[in-house]
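Asks: Have a look at this fold, sequence not included:
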């Protein structure tokens, strides 16, 4: 197995670099990667201290630096030692600059500014946590999205992911023995989305959940016929009310959330009469 030291050097938090590195490394197999994070590098003195550490574990340097003096020094040091370094955002910034006819503002961490979008995300997260699992139905009209589905159909993790993208999300379990409040069927503002999955996959997830709680793994909660009937009950509700339905059987949380966001974008023009 090949061993690689990967140095992620940023003048901000380094979150962007971490995401880029993760996406790139996912395309390669048989590589043992040791990641080294070097955030908030904004002066030549700080860079000197970081480079002394990097040279002890040579590898690939990926960086996002907007200060031209710090950038030049990093590139010169790497070139002198034969260590490869890559400016992660340069191709994107160059393309945007040409298309927009503007020069980029050289301000470290500008994407992390506490702007209106940041506070909207915080508000969405608070709302979503407070409206998990059918709680506070009286506030559902304030949501952007309401997720409905049987127990363990990925409602909560999907809701949290959407909240981090700025969408106020409530979720409601569909249980044959305890029908949801009638207000769920009269919501006007939020998009209601049904989540479903295959019986086998649902039983596997539920059984693992029971085992993690040290509960009996064989109950009606994981009975094949009972689970099939439960899913059929949910599908009838989805169909009766014309809600869009997403099958999460083979979808990651990210894929499910992306599909929902696309639906929301289609839903909003309709509700605005556009």
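Replies: That came through, no problem. What you are looking at is a predicted structure, and each value in this text was computed from that prediction instead of being measured.
Asks: C-alpha from now on. contacts and neighbour counts both.
Replies: Will do.
Asks: Stretch 183-194: end-to-end distance?
Replies: Taking C-alpha to C-alpha, to the nearest Å as the measure, stretch 183-194 stretches 16 Å from start to finish.
Asks: contacting residues around it?
Replies: 137, 140-149, 238, 241, 243-246, 260, 264, 267, 271 (C-alpha atoms under 8 Å, 6 or more residues apart in numbering).
Asks: and with 6 Å instead?
Replies: 141, 143, 144, 145, 146, 147, 148, 149, 243, 244, 245 (C-alpha atoms under 6 Å, 6 or more residues apart in numbering).
Asks: ok, and the most crowded of the residues you listed?
Replies: residue 148 (28 neighbours; other C-alpha atoms under 10 Å).
Asks: show me the residues around that one that make contact.
Replies: 171, 172, 173, 194 are the contacts of residue 148 under C-alpha under 6 Å, 6+ apart.
Asks: Kindly report the same for residue 246.
Replies: The contact partners of residue 246, taken as C-alpha under 6 Å, 6+ apart, are residue 195.
Asks: three-state assignment of it?
Replies: strand (DSSP: H, G, I helix; E, B strand; the rest coil).
Asks: With residue 153 instead?
Replies: Under three-state DSSP, residue 153 falls in the coil class.
Asks: now the strands for the stretch 101-250 of the chain?
Replies: Taking DSSP state E, counting those that start in this stretch as the test, the strands found in the stretch 101-250 of the chain are 145-149, 169-173, 191-196, 245-247.
Asks: Which element, helix or strand, includes residue 61?
Replies: Residue 61 belongs to strand 60-64 when elements are defined using DSSP states H and E.
Asks: ok, then the element right after that strand?
Replies: With DSSP H and E, the next secondary element past strand 60-64 is helix 68-81.
Asks: And for residue 204, the neighbour number?
Replies: Residues lying near residue 204 (other C-alpha under 10 Å) number 11.
Asks: and it, what is it in contact with?
Replies: Contacts of residue 204 by C-alpha under 6 Å, 6+ apart: none found.
Asks: Please convert the strands of the stretch 101-250 of the chain to CSV, extending it with distance to residue 207 and mean pLDDT.
Replies: Below are the strands of the stretch 101-250 of the chain laid out as CSV (distance: least, C-alpha to C-alpha, whole Å; pLDDT from 0 to 100):
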stretch, distance to residue 207, mean pLDDT
strand 145-149, 18, 97
strand 169-173, 18, 96
strand 191-196, 17, 97
strand 245-247, 20, 97
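Asks: so which of those comes closest to residue 117?
Replies: strand 169-173 (16.1 Å; C-alpha to C-alpha).
Asks: what lines up beside that closest one in the sheet?
Replies: According to DSSP bridges, strand 169-173 forms sheet pairs with strand 145-149 (parallel).
Asks: ok, back up a step: now render the contacts of residue 148 as TSV, adding neighbour count and distance to residue 100.
Replies: Below are the contacts of residue 148 laid out as TSV (neighbours: other C-alpha atoms under 10 Å; distance: C-alpha to C-alpha, whole Å):
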residue	neighbour count	distance to residue 100
171	27	41
172	23	44
173	20	47
194	26	40
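Asks: Go through those and name the one nearest residue 222.
Replies: residue 173 (16.1 Å).
Asks: ok, the closest one touching residue 149?
Replies: Yes: using C-alpha atoms under 6 Å, residue 173 is in contact with residue 149, at 5.3 Å.
Asks: and stretch 89-106, how far from the chain's centre?
Replies: Here the centre of stretch 89-106 is set off from its chain's centre by 26 Å, with C-alpha atoms, centre = their mean, to the nearest Å.
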